[in-house]
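S.K.: Next one to model:
(one chain, ligands or ions: 1)
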Amino acid sequence: MGLLDNKVAVITGGISGLGRASALRYAAEGARVVVADINAERGANAAAEMSAGGASIEFIQVDVTSKESQQALFDDVVSRYGQVDTVLAAAGVSSSGYISGEVSEVEADPEERMFHNRMLEDWEKVMAVNVTGVMLTNQMAIKHMLAKGNAGSIVNIASIAGRRPLPGASDYCVSKAAVIMLTQTVATEYSTSNIRVNAIGPGFIETPMTANIRQSPEWMDTVMQMTPMQRMGQANEIASTALFLASEESSYFTGQTLFPNGGMFTG
Ligand SMILES: NC(=O)c1ccc[n+]([C@@H]2O[C@H](COP(=O)([O-])OP(=O)(O)OC[C@H]3O[C@@H](n4cnc5c(N)ncnc54)[C@H](O)[C@@H]3O)[C@@H](O)[C@H]2O)c1
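M.R.: I've put the predicted structure just below:
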């Protein structure tokens, strides 16, 4: 018996990092998983790799910033799998210039990252993926859950950055605080409809998103100063949290954000 037997799961950002680790974990627990991501070629290759051992993991292309694209994703999933039971909104960017899988140079000029120098286009790009993207994923999933009358569990990936300020990352921090509040508000609206909505606020985790931090001794120093356990987390440690929130193991949780973060926020 798996924790997600007979469940249909949609994971945005599901071909890399936290989404990918969660997809493998969900499939191992019996779910049929759709990984949805922006790059069609990378997505098809990743899904082929991830399902090679027999796991039910399929790729569907999506741009989470587009309502039409998310609508098409969820319509497609429901027409092929019958319903959607659980969603993990893991698609996200750390900054406007971030492209998953590409290691960018550590920015030479911290002055450029100061709030007063930020460009409106960059702000809007981060909000489009991290806030509007998560909002649309929640909205499409809930529409289908209500239409089918099935119970649902939605998990949104926020960040510690939604709770503590990281200098130089005002856009990212605000976007993640928005995900925490979105989770609380939406959870409240559907608390009697058998649809639970929770979030995860990871600390620093080893994924492509933190590759440039791991390359910089100064940045690693800062991360270690913030992290009592003195190590970055692993993607599978976040996948365990996602599995808990997706499954009936968390049946009395809604509107919560869990913070797997190596001991931050204890003081
Ligand atoms: N890695 C960390 O330390 C950490 C910590 C806290 C929160 N997070 C959050 O976790 C989530 C996953 O990050 P990750 O570390 O796995 O990074 P990642 O880069 O490995 O994965 C992010 C995925 O999102 C996809 N994506 C980006 N824009 C998209 C769009 N418009 N449409 C569809 N897909 C899109 C990317 O292609 C990529 O596959 C993000 O929301 C991130 O902000 C990460």
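S.K.: Up against the ligand, what does the stretch 101-250 of the chain have?
M.R.: 129, 133, 157, 159, 202, 204, 205, 207, 208, 209, 210 (Cβ under 6 Å from any ligand atom). C-betas here are computed from N, CA, C, even on glycine.
S.K.: quick one: which of these sit in helices?
M.R.: Counted as lying in helices by DSSP state H, out of these, are residue 133.
S.K.: What is the most widely separated pair among the residues of the stretch 101-250 of the chain next to the ligand?
M.R.: 133 and 204 (21.8 Å; Cβ to Cβ).
S.K.: Who has more neighbours out of the two?
M.R.: Ranked by neighbour count (other Cβ atoms under 10 Å), residue 133 and residue 204 place residue 133 first, with 27 against 24.
S.K.: what ranges of the stretch 101-250 of the chain fall below the confidence cut-off?
M.R.: The model of the stretch 101-250 of the chain has pLDDT under 70 over residues 104-108.
S.K.: Tell me which stretches of it form helices.
M.R.: 120-127, 133-148, 170-189, 211-214, 217-226, 235-246 (DSSP state H, counting those that start in this stretch).
S.K.: and the fourth one, what other elements does it pack with?
M.R.: So that's helix 211-214. helix 217-226 (3 or more Cβ pairs under 8 Å, 6 or more residues apart in numbering; DSSP states H and E).
S.K.: Over to the residue positioned nearest the centre of the chain: give its phi and psi.
M.R.: Nearest residue to the geometric centre of the chain (Cα atoms, centre = their mean): residue 90, 1.7 Å. With angles defined as degrees, to the nearest 10, residue 90 sits at phi -110, psi -10.
S.K.: Leaving out sequence neighbours, find the closest residue to residue 142.
M.R.: residue 195 (6.0 Å; Cβ to Cβ, 6 or more residues apart in numbering).
S.K.: quick one: the one you found and residue 152 touch, right?
M.R.: Yes - Residue 195 is within contact range of residue 152, at 4.3 Å (criterion: Cβ atoms under 8 Å).
S.K.: Overlap of the contact sets of these two?
M.R.: In terms of Cβ atoms under 8 Å, 6 or more residues apart in numbering, residue 195 and residue 152 are both contacted by the residues 142, 145.
S.K.: Closest to residue 9 out of the residues of the stretch 101-250 of the chain next to the ligand?
M.R.: Relative to residue 9, and with distances defined as Cβ to Cβ, the nearest of these is residue 157, at 14.1 Å.
S.K.: In terms of pLDDT, where does the residue of the stretch 51-200 of the chain found nearest the ligand sit?
M.R.: Nearest to the ligand in the stretch 51-200 of the chain, going by Cβ to the nearest ligand atom, is residue 92, at a distance of 2.1 Å. You'll see residue 92 listed with a pLDDT of 98.
S.K.: what's the answer for residue 52, then?
M.R.: We have a pLDDT of 96 for residue 52.
S.K.: what's the answer for residue 34, then?
M.R.: In this prediction residue 34 is given a pLDDT of 98.
S.K.: Which helix or which strand is home to it?
M.R.: strand 32-37 (DSSP states H and E).
S.K.: Tell me if the helix or strand just after that strand is near the ligand.
M.R.: Once strand 32-37 ends, the next helix or strand along the chain (criterion: DSSP H and E) is helix 40-50. No - using Cβ under 6 Å from any ligand atom, helix 40-50 stays clear of the ligand, coming no nearer than 7.3 Å.
S.K.: All good on my end, thank you.
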